[in-house]
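Chemist: structural data only, the sequence is not supplied:
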């Protein structure tokens with residue numbers, strides 16, 4: 001499945017967890033948690049999003065160790081490479097005007113749309 005999906009998508013320069021961390025730090029000033037999420041977007045169509053969360057490694061209450069955080073980023077980066085969206089992520093992190101924020105109502109993460117979920121098989 002991985003090889004078939006990789007062939008169907010454009011080959012790009014690979015991204016790794018270290019680069020992903022640096023992109024996030026350069027843009028928002030901290031090592032924010034980065035996750036992948038499948039959600040319904042406009043018109044109910046499911047998409048996979050890269051989400052930059054509001055918690056960050058430098059917080060005392062952050063639930064992951066640095067090693068666990070880097071393993072999480074490496075796993076996210078691997079999917080970005082498989083899906084051929086590494087360049088899109090680089091561009092969107094550098095140019096998005098979205099900001100995360102905490103309020104008394106809750107927290108809002110940054111969501112970057114990546115790929116239609118129907119392009120993926122059972123893995124997602």
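Modeler: Received the coordinates, thanks. Just so you know, these numbers come straight off a predicted model, no measurement behind them.
Chemist: and the closest residue to residue 25 other than its chain neighbours, how far from residue 39?
Modeler: Leaving aside its sequence neighbours, residue 25 sits nearest to residue 31 (C-beta to C-beta, 6 or more residues apart in numbering; 5.7 Å). Backbone N, C-alpha and C define where each C-beta goes, glycine included. Plainly put, residue 31 is 24 Å away from residue 39 if you go by C-beta to C-beta, to the nearest Å.
Chemist: quick one: which of those two has more around it?
Modeler: residue 31 (21 against 12; other C-beta atoms under 10 Å).
Chemist: pLDDT value on the more buried one, please?
Modeler: In this prediction, residue 31 carries a pLDDT score of 96.
Chemist: show me the contacts for it.
Modeler: Shown in contact with residue 31 (C-beta atoms under 8 Å, 6 or more residues apart in numbering): 21, 24-25, 56-58, 69.
Chemist: where does it fall, phi/psi-wise?
Modeler: phi -90, psi 80 (degrees, to the nearest 10).
Chemist: go on, residue 64?
Modeler: phi -110, psi 150.
Chemist: over to residue 45?
Modeler: Recorded main-chain torsions at residue 45 are phi -70, psi 130, according to degrees, to the nearest 10.
Chemist: please apply the same query to residue 86.
Modeler: The phi/psi pair for residue 86 (degrees, to the nearest 10) is phi -60, psi -50.
Chemist: is it correct that it is in contact with residue 14?
Modeler: Yes: if you go by C-beta atoms under 8 Å, residue 86 and residue 14 touch, sitting 6.4 Å apart.
Chemist: who touches both of those two?
Modeler: residue 77.
Chemist: higher neighbour count, those two?
Modeler: Between residue 86 and residue 14, counting by other C-beta under 10 Å, residue 86 is the more crowded of the two (21 against 11).
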